[in-house]
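> Pasted the sequence and its predicted model underneath.
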Amino acid sequence: MKVIVVGAGIVGTCSASYLLRDGHDVVLVDSQGPGEGCSKGNAGALSPGSCIPLSGPGMLGKIPKWLTDPLGPLRIRPGYLARVSPWLIRFVLAGRAGNIPGLADALMALHTNTFENYEPLVKNASCQDLIRRTGTLTVYKTDASLAGSQREWRLREERQVRQRVLGAGELHELVPELSADYKHGVLLADHGFVASPYRLVCRLAEQFARDGGHLERRRVTGIIIRDGRVSGVRTADGELTADHVVIAAGAWSNTLISDLGIRVPLESQRGYHAMVQASGITPALPVVSADAKVYATPMEDGLRLAGTVEFAGLDAPPDFRRADALIALAKDMFPAFAPGKVSRWMGHRPTLPDSLPVIGAAPGYPGLLLAFGHGHHGMTGASTTGTIIANLVAGRHPTIDLVPYRPERF
Ligand SMILES: Cc1cc2nc3c(=O)[nH]c(=O)nc-3n(C[C@H](O)[C@H](O)[C@H](O)COP(=O)(O)OP(=O)(O)OC[C@H]3O[C@@H](n4cnc5c(N)ncnc54)[C@H](O)[C@@H]3O)c2cc1C
């Protein structure tokens with residue numbers, strides 16, 4: 001069968017790679033090179049035990065603060081408030097206490113086999129070195145801060161995620177660079193990270209091409225429907241035909257499906273990073289500040305400080321003061337931190353109000369599959385998403401229940 005995958009981020013590249021392994025004729029189309037979207041600059045954490053929905057009880061009361069602190073961990077640009085308000089209402093409602101266990105189960109199902117599902121792809125592309133199974137460490141300054149995250153740790157515990165609370169001694173033994181102000185840590189020993197998310201996507205895409213897949217650098221402008229089913233895509237350089245089309249265009253996916261009347265409440269949660277070479281700090285594993293919500297990941301080319309959420313849409317220019325704020329936070333975490341050569345980046349997390357992606361057949365359009373909206377966990381969820389998409393195209397029974405991710409749930 002001929003399959004077009006639109007979007008060569010981590011989700012599209014994993015999907016295309018698994019489809020090719022099934023023997024299909026696969027075209028992976030991206031308007032930029034592979035990995036140039038959100039998959040380029042993220043924190044790289046691979047979190048099989050990640051099961052906490054972004055929205056939880058009490059979210060509504062936090063919104064006023066998000067509007068007033070321009071450099072806080074979560075920011076809504078005032079000019080964007082009216083536009084994003086309907087989405088925020090859905091986000092707050094999704095976080096009602098009764099919804100949380102089901103969402104947590106669905107996140108867990110998508111994330112738990114992240115390493116196992118990357119394994120055949122990275123082995124084939126000879127880049128196993130990029131996947132590091134080090135564990136990740138969340139650090140807390142105060143007893144109150146540790147106690148404040150009890151709800152999250154309970155959700156993990158209920159789902160048998162291996163986690164261990166460390167006291168100050170063990171914590172500083174594991175990460176000697178960490179400031180003595182941090183008193184507690186929680187180690188998620190089964191987590192890990194990608195040492196260069198961009199290089200991972202590039203290596204998988206190169207291998208896809210070496211194995212006979214087609215990489216096309218084109219902007220897709222629409223989906224072609226003939227006789228009630230998908231027959232290909234329109235691009236800026238002509239049409240491409242296929243039996244199946246997979247939309248994995250991250251935060252831009254709605255621009256392709258809205259013409260078909262498919263409504264998915266996709267929003268960009270913009271995030272930032274500061275990439276620091278020669279920082280003097282190389283923690284043995286990713287360290288997350290629980291209060292500041294910043295990841296410090298020891299990437300192969302330096303220390304990456306990543307995080308923050310900004311609602312400002314797809315077109316507003318980046319506010320790199322937010323990346324600079326990450327550097328200030330790193331100084332607070334690691335007293336010996338010296339910002340050597342710094343580069344800054346902003347990316348669009350494709351996010352849905354209930355923290356779950358859409359994965360599945362688009363209602364009413366045979367041959368059209370959707371795979372986007374992985375939010376804060378796209379590096380983690382991509383490998384399993386790839387297996388799901390391949391199963392759907394092949395008509396095999398999915399390995400996990402796909403009901404929570406169905407596009408028509410909104
Ligand atoms: C600061 C930050 C930190 C993060 N940390 C983590 C983390 O630690 N762990 C984790 O699991 N996740 C993390 N994430 C989330 C993760 O990066 C995303 O969920 C993931 O990269 C989304 O992948 P994607 O393939 O869906 O989208 P993208 O990588 O954005 O890919 C979409 C692709 O579609 C292409 N495209 C769009 N429109 C068209 C069109 N019309 N025609 C052709 N091509 C098109 C784009 O060029 C792009 O290459 C983080 C994100 C941010 C911003």
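Arrived safely, thanks for sending.
> need the helices for the stretch 101-250 of the chain, in chain order.
For the stretch 101-250 of the chain, applying DSSP state H, counting those that start in this stretch gives helices covering 114-124, 143-148, 150-158, 168-174, 197-210.
> residues near the residue of the stretch 301-410 of the chain found nearest the ligand, how many?
When scored by Cβ to the nearest ligand atom, the stretch 301-410 of the chain has Gly378 as its residue closest to the ligand, at 2.0 Å. C-beta here means a position set from N, CA and C on the backbone, and glycine is covered the same way. When neighbours are defined as other Cβ atoms under 10 Å, Gly378 has 25 of them.
> Residues of the stretch 251-400 of the chain that sit close to the ligand?
251-252, 256, 271-273, 295, 306-307, 347, 349-350, 372, 374-380 (Cβ under 6 Å from any ligand atom).
> Just the ones in strands from those residues, please.
Among these, DSSP state E puts 271-273, 295, 306-307, 347, 349-350, 372 in strands.
> on that earlier part again, mean neighbour count added to the helices of the stretch 101-250 of the chain, as a markdown table?
Output for the helices of the stretch 101-250 of the chain, formatted as a markdown table (neighbours: other Cβ atoms under 10 Å):
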| stretch | mean neighbour count |
| --- | --- |
| helix 114-124 | 18 |
| helix 143-148 | 13 |
| helix 150-158 | 15 |
| helix 168-174 | 14 |
| helix 197-210 | 21 |
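> among those helices, which is nearest the ligand?
Taking the helices of the stretch 101-250 of the chain one by one with Cβ to the nearest ligand atom, helix 197-210 is closest: 6.9 Å.
> Pick out the residue of the stretch 1-150 of the chain closest to the ligand.
Gly9 (2.2 Å).
> how about the nearest residue to that residue, chain neighbours excluded?
Spatial nearest neighbour of Gly9, chain neighbours left out: Ser39 (4.1 Å); criterion: Cβ to Cβ, 6 or more residues apart in numbering.
> I'd guessed the one you found sits against Pro197; true?
Yes: checked against Cβ atoms under 8 Å, the pair Ser39 and Pro197 is within contact range at 5.7 Å.
> Please report phi then psi for the most far-flung residue of the chain relative to its centre.
Distance from the C-alpha centroid of the chain peaks at Asp227, with 35.5 Å (Cα atoms, centre = their mean). Backbone torsions of Asp227, given as degrees, to the nearest 10, read phi 50, psi 40.
> same deal with Thr384?
phi -70, psi -40.
> how much distance is there from the lowest-mean-pLDDT helix or strand in the chain to the middle of the chain?
Every helix and strand of the chain was ranked by mean pLDDT, DSSP states H and E. The lowest is helix 63-68, at a mean of 75. When distances are taken as Cα atoms, centre = their mean, to the nearest Å, helix 63-68 is centred 24 Å away from the chain's centroid.
> And the strands in the stretch 1-150 of the chain, which stretches?
Along the stretch 1-150 of the chain, counting by DSSP state E, counting those that start in this stretch, strands occupy 2-6, 25-30, 45-46, 74-76, 131-132, 136-140.
> least reliable of these going by mean pLDDT?
Mean pLDDT is lowest for strand 74-76 out of the strands of the stretch 1-150 of the chain, coming in at a mean of 90.
> Pull the contacting residues for the residue of the stretch 301-410 of the chain closest to the ligand.
The neighbours of Gly378, taking Cβ atoms under 8 Å, 6 or more residues apart in numbering as the test, are 9-11, 38-39, 42, 250, 349-350, 357.
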